[in-house]
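[1] only geometry, no sequence info:
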Ligand SMILES: [Zn+2]
């Protein structure tokens, strides 16, 4: 059925409320099924299986779904509705005024390897907490996105709206292959809502996220020369030694009081106790609050990496150190436009009787990529939960319903001007 969408819809229509209430069991079932599907970032087959299922659900609502084929990770889905139609085939015809799209961002991948135990969802009937890998981060968020859109679609309320949905497959490793497309899509959109998990607060409210630290991750490789430890050790050049001496000064670049952390979180090298190690690797994880800090830290780390430890008699470096991978996500910092979007989200929550509070969080998310592209964004609109990335991760089942209502109302209000 066709509604008069030109009028701003101020309330969540009762029919949508009813549809979402009727879908509560289906939301829980979808959560259980999607948690059962392993979508560890390197598990391309698993991520793509969930992608196919979500792509079908989006297409059934009238989205046109394009796929970005990533390298080693799963596909990224880019679903579009509405906006493109303003570009008329006949250039002499004036383009109809269509508002810029609202962008919904989620990720399908998780940090849980297929070998993790307790892969199925465990529901505590009393607390309504559902524990399982990626239940909150972010299978629950995907459930909210899909069900809110489906309830609107079934009431004919998606017609005439401009929407985009991006579901990527490499968020947990830094969105290396999908980051660019997220930025490009966000640049065309009016606002972005990101479905990372919210958290419960002691005062009974739940959080959404308005501020996040930025992330810089560097994979470093050192290559020296192997030799027998007993026979001719001086012929070797130890890559482990070359990197090991750099760990301390690199980590000392951290400045807690400024919100800057630096960690060598992974270190490996060598092949046997009696062989001078020819190769070593380390992963450096840097968190920061603004880009000036990031630049300064990156310069300092580069400076430490090029300072060679293992040298020959003439002082020439014997180990080559290179950065083989660089993952970067800017910090998410509130601005005027995102403050206005936040006000809309808080108002919609209050109108639905939901007590929501903004939160600043250390972890990074793709919301920062949208903000960097000039698109105001709010994160943490997904399921409420905690224990993210641990075996204890849980999602509040009732939050699926609460936040699907919130999203449905936000879609109607933020896209109220659709013809
Ligand atoms: Zn996440």
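    All right, it came through fine. Since the model is a prediction, treat every value here as computed from it, not as a measurement.
[2] Please name the spatially closest residue to the residue in the stretch 51-200 of the chain positioned nearest to the ion (chain neighbours excluded).
    Proximity of the stretch 51-200 of the chain to the ion (CB to the ion) peaks at residue 137, 4.0 Å away. Bear in mind the C-beta positions are built from the backbone N, C-alpha and C, glycine included. The shortest distance from residue 137 to any non-neighbouring residue, by CB to CB, 6 or more residues apart in numbering, is to residue 388 (4.5 Å).
[3] and the chain, which of its residues are near the ion?
    137, 138, 196 (CB under 5 Å from the ion).
[4] wait, isn't residue 267 in contact with residue 247?
    Yes. Counting by CB atoms under 8 Å, residue 247 is a contact partner of residue 267 at 7.1 Å.
[5] what residues do these two have in common as contacts?
    Both residue 267 and residue 247 are in contact with residue 282, where contact means CB atoms under 8 Å, 6 or more residues apart in numbering.
[6] Tell me where the stretch 101-250 of the chain has strands.
    102-107, 122-124, 129-131, 163-168, 191-194, 206-212, 214-223 (DSSP state E, counting those that start in this stretch).
[7] would you turn the ones you listed into TSV with mean pLDDT?
    Converted to TSV, the strands of the stretch 101-250 of the chain look like this (pLDDT from 0 to 100):
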stretch	mean pLDDT
strand 102-107	98
strand 122-124	95
strand 129-131	97
strand 163-168	97
strand 191-194	98
strand 206-212	96
strand 214-223	96
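[8] I'd guess residue 398 is in a helix, am I close?
    Yes. With DSSP: H, G, I helix; E, B strand; the rest coil as the criterion, residue 398 is part of a helix.
[9] I'd like the distance between it and the ion.
    20 Å (CB to the ion, to the nearest Å).
[10] excluding its backbone neighbours, what's nearest residue 267?
    In space, residue 267 is closest to residue 282, 4.6 Å off (CB to CB, 6+ apart).
[11] most neighbours, which of the residues of the chain next to the ion?
    Among the residues of the chain next to the ion, the one with the most neighbours (other CB atoms under 10 Å) is residue 138, at 30 neighbours.
[12] Now for the closest residue to that one other than its chain neighbours, how many residues are close by?
    Leaving aside its sequence neighbours, residue 138 sits nearest to residue 382 (CB to CB, 6+ apart; 5.1 Å). Neighbour count of residue 382, defined by other CB under 10 Å: 30.
[13] just checking, residue 382 touches residue 140?
    Yes. Between residue 382 and residue 140 there is a contact under CB under 8 Å: 5.6 Å.
[14] which residues are in contact with both of those two?
    Common neighbours of residue 382 and residue 140 (CB under 8 Å, 6+ apart) are residue 197.
[15] Name the helix or strand for residue 368, please.
    Using DSSP states H and E, residue 368 falls within helix 367-372.
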